[in-house]
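1. here you go, sequence then predicted model.
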Amino acid sequence: MSSPYLVRRIGVGAAALGVLAGVTALIVAIASVPDSSSNGNADAATVASGTPEVHALSATTGTLVGGEAITITGASLDAVTDVTFGGVSAADVVIADSGTLTAVVPAAVDFQPATVAIEVVADEAPVAAAADLDYTYETSTAVDRQMEYLLTHWNDYNVDEYGDLNSVGGDCANFASQSLLLRGWEMTDEWFNYDAGSDWSGAWGYVPAFENWLTANPELGATQLSFDERDQVKVGDLVVFDWNDNDYLDHIQVVSSVETVDGEIVIKMVGHNLDTNYRDLDETITVDHPGATGHFWSIP
């Protein structure tokens with residue numbers, strides 16, 4: 001097909017028809033060849049638009065125990081496979097659309113305040129971000145204070161304030177009671193520890209007495225849960241054990257981790273006596289003390 005503009009310029013004489021046909025064919029051929037530079041830019045733009053990129057976070061601070069859902073916006077985020085906070089994977093990542101996802105913040109490592117880097121990952125490769133992505137864990141709730149204290153003193157007893165009751169039967173209840181002070185509870189005439197453990201009550205440092213005191217004071221809001229109700233258990237709750245299944249309580253610890261692994265709820269605990277920061281509940285009642293029983297106390 002010839003351009004009207006070109007036909008007028010060249011003319012339509014009989015002698016020139018062959019030239020016109022040749023020139024027209026050349027023009028059409030040239031017009032049909034893609035512009036490599038413009039197409040290259042278009043291809044690059046297409047590739048760029050498909051490359052994941054993070055633009056912003058809805059929050060950059062949170063609690064030590066985590067659990068908050070933050071929103072991450074960007075481009076092509078539907079390719080994201082993981083979000084980590086200081087190397088720890090988010091508890092859950094939900095992609096809303098290509099430009100938005102939410103990530104549930106994991107607990108701070110050992111419940112200690114820190115500023116950590118957030119890394120968004122797509123197919124095992126870090127996703128580029130418009131700026132450095134940092135998240136600051138702050139001690140801001142009663143449970144934060146409780147867990148920060150427990151993970152600081154699980155193997156470094158705070159004897160100057162509360163003593164060490166291992167010499168009189170065990171320090172597990174003493175340690176659990178200390179953590180409840182950080183949780184916001186106050187000492188009473190029945191539940192106390194003064195003068196670095198030189199003056200303490202049975203309800204404070206003796207597991208059976210603590211159990212009776214807790215049961216007798218429902219205003220504290222504690223709710224007893226069976227081991228089968230672990231889906232209601234949260235970090236900071238209490239676990240009491242009857243090692244011999246003889247209706248006599250022997251030990252107490254505090255929940256330090258609740259995770260779902262392969263569809264099963266895995267609970268870990270922090271405590272004294274067998275000083276541990278993440279002791280596995282199921283291993284405790286099957287390997288350490290086969291046949292042991294017990295229950296939780298859910299703390300509001």
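-> Sure thing, it's come through. Numbers count the residues shown, from 1 in each chain.
2. distance of the nearest residue to Thr60 once chain neighbours are set aside from Asp110?
-> Closest residue in space to Thr60, ignoring its immediate chain neighbours: Tyr135 at 5.7 Å, by Cβ to Cβ, 6 or more residues apart in numbering. In this view, the C-beta of every residue, glycine as well, is placed from N, C-alpha and C. For Tyr135, the distance to Asp110 (Cβ to Cβ, to the nearest Å) stands at 16 Å.
3. so which residues of the stretch 201-300 of the chain form strands?
-> 223-226, 238-242, 251-261, 264-271, 276-280, 293-298 (DSSP state E, counting those that start in this stretch).
4. what is the burial count for Glu161?
-> For Glu161, the neighbour count with other Cβ atoms under 10 Å is 14.
5. residues near the nearest residue to it once chain neighbours are set aside, how many?
-> Of all residues not flanking Glu161 in the chain, Ala196 sits nearest, at 6.1 Å (Cβ to Cβ, 6+ apart). Using other Cβ under 10 Å, the number of residues around Ala196 comes to 14.
6. residue contacts, Ala196?
-> Listed by Cβ atoms under 8 Å, 6 or more residues apart in numbering, the contact set of Ala196 reads Val159, Asp160, Glu161, Tyr162, Gly163.
7. narrow those to those in strands?
-> The members of these all map outside strands under DSSP state E.
8. turn the residues you listed into JSON lines, including distance to Val121.
-> Below are these laid out as JSON lines (distance: Cβ to Cβ, whole Å):
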{"residue": "Val159", "distance to Val121": "44"}
{"residue": "Asp160", "distance to Val121": "45"}
{"residue": "Glu161", "distance to Val121": "43"}
{"residue": "Tyr162", "distance to Val121": "43"}
{"residue": "Gly163", "distance to Val121": "47"}
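9. in this structure, where is pLDDT below threshold?
-> 1-49 (pLDDT under 70).
10. the residue most central in space within it and Met187, how far apart?
-> In the chain, the centroid-proximal residue (Cα atoms, centre = their mean) is Pro106; its distance is 1.3 Å. Shown here: Pro106 relative to Met187, a distance of 33 Å by Cβ to Cβ.
11. and for Ser167?
-> 22 Å.
12. burial measure for Asn193, as a count.
-> Burial measure for Asn193: 21 neighbouring residues, criterion other Cβ under 10 Å.
13. hey, what's it bridged with?
-> Trp200 (DSSP bridges).
14. tell me the contacts of it?
-> By Cβ under 8 Å, 6+ apart, the residues touching Asn193 are Tyr162, Gly163, Asn174, Ser177, Gln178, Met187, Asp199, Trp200, Ser201, Trp204, Gly205.
15. if we can go back for a sec, the helix or strand in which the residue nearest to Thr60 is found pairs with which strands, and in what direction?
-> Assessed by DSSP states H and E, Tyr135 sits inside strand 134-138. Paired strands of strand 134-138, with direction, are strand 61-63 (parallel), strand 114-122 (antiparallel) (DSSP bridges).
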